[in-house]
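got a structure for you, letters missing:
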DNA sequence: TGTTGAATGTAGCAAAGGCAACACTTCACA
DNA sequence: TGTGAAGTGTTGCCTTTGCTACATTCAACA
């Protein structure tokens, strides 16, 4: 319980100088994009399923107040991911659709991967919601490799 | 490229009502705790390695300005995770040490897991930095199971 | 055609997490 | 023993992401 009491901690790995700072910077920026990606993903889903994406529905799916959703939608517009005109619903630009497709695929892969690992379905959904924003292409590929492997019977 | 063009997307999975909102709320709160966990983890590491944790070192490891670090350290104090007196360095409370130990173990497990999956070391470090904050106990256990399995030769 | 309830939008507030600029302490060493 | 560089702390500013409260618009239906 004191600073020196690290008995159970396999100590050795030495710290890198700027690399660590870079890693944290990268994690911070992923954190910042996460909300944007969530919005875009939900808007795409609403458009595909319902034919329209209204601020109130978006807010409800995210569990935030509608005013919050409207403010964020304004940012999406500013950043060229969405288009929207007063009282006319929200739409995605090409860039928005690209991001949505990417995130949807990513989400499905992460969920499938966690399920294959034996994580309970409800937990897998929750964790995937957070993890999907931090999975690089290389790691996503590793997940897919694992899934392909597990699919073809494997050994066991 | 249009809303209806979802040819490559395996559509079906229906949306849950409030469950989805709860999932996003949970992801948001994990995002909010992530920074705190990073600070605590780094402070613990500095204390163990150097015997002291100075604001400038913490800031350097995180890649932020020292003023930012000092402000966040004040929050850690306010929240009962750290203790610090002017010009005297930063220390962790018992609660801080608990969190630090938990995050360190979590970090190591996630990195080891990604490596075992075949993710390159540098990428594993970056991704782990983001993923570790979103891995539930159940998923962490699944990672450990996989590692134990992989360790004993497995069959495959 | 009015009217009214739901949806939408706006304004103002707060906290978190960044930053740069400036002021104050410490401490090593000349 | 001074002193100056490095470290520390403070201030003021910005953006994001929440919220509530209030105003406006839309649309359904009496």
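It's in. It should be emphasised that the depicted structure is a prediction, and the values quoted were computed from it without experimental measurement.

any bit of stretch A:126-142 sitting next to chain B?
Yes. Applying CB under 8 Å from any CB of the partner chain, one finds stretch A:126-142 in contact with chain B at A:126, A:127, A:129, A:130, A:131, A:133, A:134, A:135, A:136, A:138, A:139, A:142. C-beta coordinates here come from the backbone N, C-alpha and C atoms, glycine included.

just the helices in chain A please.
With DSSP state H as the criterion, chain A has helices at A:18-50, A:55-62, A:66-78, A:94-117, A:121-131, A:137-151.

and the first one, does that touch chain B?
Right, the one you point to is helix A:18-50. Yes. When contact is scored as CB under 8 Å from any CB, part of helix A:18-50 falls within range of chain B: A:18-27, A:30-31, A:34, A:38, A:44-45, A:47-49.

Buried ones only from these, please, as a PyMOL command.
What follows is the PyMOL syntax selecting those of the residues of helix A:18-50 next to chain B that are buried according to 16 or more other CB atoms under 10 Å in any protein chain shown:
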select buried, chain A and resi 20+21+23+24+26+27+30+31+34+38+44+45+47+48
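
re earlier: who wins for most neighbours among the residues of stretch A:126-142 next to chain B?
Most neighbours among those, by other CB atoms under 10 Å in any protein chain shown: residue A:131, with 29 neighbours.

so what's it closest to, chain neighbours aside?
On the basis of CB to CB, 6 or more residues apart in numbering or on different chains, the spatially nearest residue to residue A:131 that is not a chain neighbour turns out to be residue B:134, at 4.9 Å.

which residues sit in contact with that neighbour?
Taking CB atoms under 8 Å, 6 or more residues apart in numbering or on different chains as the contact definition, residue B:134 lies against A:127, A:129, A:130, A:131, A:134, B:27, B:30.

Save those residues as TSV, and put in distance to DNA strand C too.
TSV is the format used below for the contacts of residue B:134 (distance: CB to the nearest atom of the strand, whole Å):
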residue	distance to DNA strand C
A:127	20
A:129	18
A:130	15
A:131	19
A:134	15
B:27	14
B:30	11
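
Nearest to DNA strand D, out of those: which one, please.
residue B:27 (8.9 Å; CB to the nearest atom of the strand).

and the gap between that closest one and chain A?
Taking CB to the nearest CB, to the nearest Å as the measure, residue B:27 falls 4 Å from chain A.

Now residue A:22: closest residue in space, sequence neighbours ignored.
The spatial neighbour of residue A:22 that comes closest, neighbours along the chain excluded (CB to CB, 6+ apart), is residue B:63 at 6.7 Å.

Run a quick neighbour tally on residue A:97.
Summarising burial for residue A:97: neighbours were counted as other CB under 10 Å, giving 21.

Distance to residue B:101 and pLDDT for the contacts of residue B:134 - can I get that in CSV?
Conversion of those to CSV gives the following (distance: CB to CB, whole Å; pLDDT from 0 to 100):
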residue, distance to residue B:101, pLDDT
A:127, 21, 98
A:129, 26, 97
A:130, 21, 97
A:131, 22, 98
A:134, 22, 98
B:27, 24, 97
B:30, 19, 97
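
how about those residues in CSV, adding distance to residue B:118?
Listed next are these as CSV, based on distance: CB to CB, whole Å:
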residue, distance to residue B:118
A:127, 21
A:129, 25
A:130, 23
A:131, 18
A:134, 18
B:27, 27
B:30, 26
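
shouldn't residue A:124 be in contact with residue A:111?
Yes. Taking CB atoms under 8 Å as the definition, residue A:124 is a contact partner of residue A:111 at 5.4 Å.

residues in chain A within reach of DNA strand D, list them.
Within chain A, the positions near DNA strand D by CB under 7 Å from any atom of the strand are A:32, A:35-36, A:62-65, A:67-68, A:71-72, A:75, A:86-87.

quick one: stretch A:77-93 near DNA strand C?
Yes. Under the criterion of CB under 7 Å from any atom of the strand, DNA strand C is reached by stretch A:77-93 at A:84, A:85, A:86, A:87, A:88, A:89.

dump the residue contacts of the residue nearest to residue A:123 when sequence neighbours are not counted.
Counting by CB to CB, 6+ apart, residue A:123 lies nearest to residue B:138, which is 4.6 Å off, once chain neighbours are set aside. Shown in contact with residue B:138 (CB under 8 Å, 6+ apart): A:119, A:120, A:123.
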